[in-house]
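>>> compute the structure for the input listed below.
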Amino acid sequence: MNVMMTLLQKEWLEGWRSGKLIWLPIAMMIVGLTQPLTIYYMPEIIAHGGNLPDGMKISFTMPSGSEVMVSTLSQFNTLGMALIIFSVMGSVANERNQGVTALIMSRPVTAAQYILNKWITQSMIGIASFAAGYGLAYYYVRILFEHASFSRFAASLGLYSLWMMFIVTAGLAGSTMFRSLGAAAAAGIGLTAAVSFAVSLFPDGAKWLPAELCKQAEHILLHGERADFFGWSLTFSILCIMLLAVFSVWRFRRYESY
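Below is the predicted model of the structure:
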């Protein structure tokens with residue numbers, strides 16, 4: 001327990017020194033804020049920058065608050081995913097390149113403790129940053145659009161946070177596989193993108209994949225109830241996260257040198 005607490009303190013201090021505790025929440029808040037404002041001011045944007053012929057009018061149906069929140073989740077599924085991967089890609093690779101890992105592992109620290117500490121810290125930072133951005137989006141949706149249910153927002157936040165945990169775990173796995181930051185980022189993004197594409201291409205056969213959590217969150221936002229196969233999606237998503245974490249520990253143990 002003392003070892004874990006020491007490692008956690010080190011990770012939080014490193015997150016503060018690197019600026020991750022500042023830039024990641026701010027970046028996520030910008031992602032969350034952009035979509036509601038863009039949709040709300042779209043008629044004015046088109047009218048002033050569209051070079052439309054004289055006398056031509058724009059017909060724009062304002063979406064509901066729930067639809068705007070779904071659109072915001074789509075933004076997090078692209079830009080947010082990339083931000084999370086970039087924040088995690090150097091968690092192991094950077095320390096190996098700088099010789100920090102060798103110093104840490106010369107102490108009574110196990111591979112499981114080292115990886116678990118990384119996973120806990122990065123997951124907390126990633127989920128907190130996403131919650132800040134998604135919460136800001138909900139705040140502006142309540143102001144600019146029609147009423148959006150808080151219970152639906154909270155349920156979708158919880159489900160999407162689990163998807164964020166999967167992204168963090170995928171990024172951590174990439175960081176344990178490669179010393180190169182570019183290769184680590186490519187591995188993390190490639191895995192999460194492949195899972196997302198599989199759910200899009202095979203909507204009926206891939207309901208157990210973690211990316212299905214995104215659709216479950218969107219369904220709750222729009223309809224206020226769980227979609228089919230909710231239990232399967234939740235169970236297998238947690239299982240996939242655990243398997244990726246175990247893989248990271250296994251890969252870390254196989255290092256010939258740190």
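
>>> low-confidence regions, the chain specifically.
For the chain, the stretches with pLDDT under 70 are 1, 46-60, 256-258.

>>> which residues does the most centrally placed residue in it contact?
In the chain, the centroid-proximal residue (Cα atoms, centre = their mean) is M164; its distance is 3.4 Å. By Cβ atoms under 8 Å, 6 or more residues apart in numbering, M164 lies in contact with 80, 84, 123, 126-127, 130. In this view, the C-beta of every residue, glycine as well, is placed from N, C-alpha and C.

>>> now for those residues: which two are most distant?
G80 and S123 (14.3 Å; Cβ to Cβ).

>>> which one of the two is surrounded by more residues?
Comparing G80 with S123 by other Cβ atoms under 10 Å, the one with more neighbours is G80, at 26 against 21.

>>> against K20, how distant is that one?
To K20, G80 is 15 Å away according to Cβ to Cβ, to the nearest Å.

>>> before we move on, the earlier item: element containing the residue nearest to the centre of the chain?
According to DSSP states H and E, M164 maps onto helix 150-177.

>>> give me the buried stretch members for that helix, please.
By neighbour count with 16 or more other Cβ atoms under 10 Å, helix 150-177 contains the buried residues 152-153, 155-157, 159-177.

>>> also stretch 182-189?
In stretch 182-189, counting by 16+ other Cβ under 10 Å, buried: 184-185, 187-189.

>>> now stretch 199-215
199, 206-215.

>>> quick one: residues in contact with it.
73, 77, 159-160, 162-163, 166, 192, 195-196, 198, 227-229, 232-234, 236-237, 240-241.

>>> same thing but 7 Å
By Cβ atoms under 7 Å, 6 or more residues apart in numbering, the residues outside stretch 199-215 that reach it are 73, 77, 159-160, 162-163, 166, 195-196, 198, 227, 229, 232-233, 236-237, 240.

>>> go on, stretch 89-106?
Residues outside stretch 89-106 that contact it (Cβ under 7 Å, 6+ apart) are 114, 118, 122, 171-172, 174-176, 178-179, 181, 184-185, 188, 258.

>>> ditto for stretch 2-16
The contact list for stretch 2-16 (Cβ under 7 Å, 6+ apart) reads 21, 108-109, 113, 117-118, 120-121, 125.

>>> can you tell me which of the residues you listed end up in helices?
21, 113, 117-118, 120-121, 125 (DSSP state H).

>>> hang on, isn't W119 packed against A245?
Yes. Under the criterion of Cβ atoms under 7 Å, W119 makes contact with A245 at 5.8 Å.

>>> returning to that earlier point: any chance of the buried residues of stretch 199-215 in JSON lines with secondary structure and distance to T34 as columns?
Output for the buried residues of stretch 199-215, formatted as JSON lines (DSSP: H, G, I helix; E, B strand; the rest coil; distance: Cβ to Cβ, whole Å):
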{"residue": "V199", "secondary structure": "helix", "distance to T34": "24"}
{"residue": "A206", "secondary structure": "coil", "distance to T34": "29"}
{"residue": "K207", "secondary structure": "coil", "distance to T34": "30"}
{"residue": "W208", "secondary structure": "coil", "distance to T34": "32"}
{"residue": "L209", "secondary structure": "coil", "distance to T34": "28"}
{"residue": "P210", "secondary structure": "coil", "distance to T34": "25"}
{"residue": "A211", "secondary structure": "coil", "distance to T34": "22"}
{"residue": "E212", "secondary structure": "helix", "distance to T34": "25"}
{"residue": "L213", "secondary structure": "helix", "distance to T34": "23"}
{"residue": "C214", "secondary structure": "helix", "distance to T34": "18"}
{"residue": "K215", "secondary structure": "helix", "distance to T34": "22"}
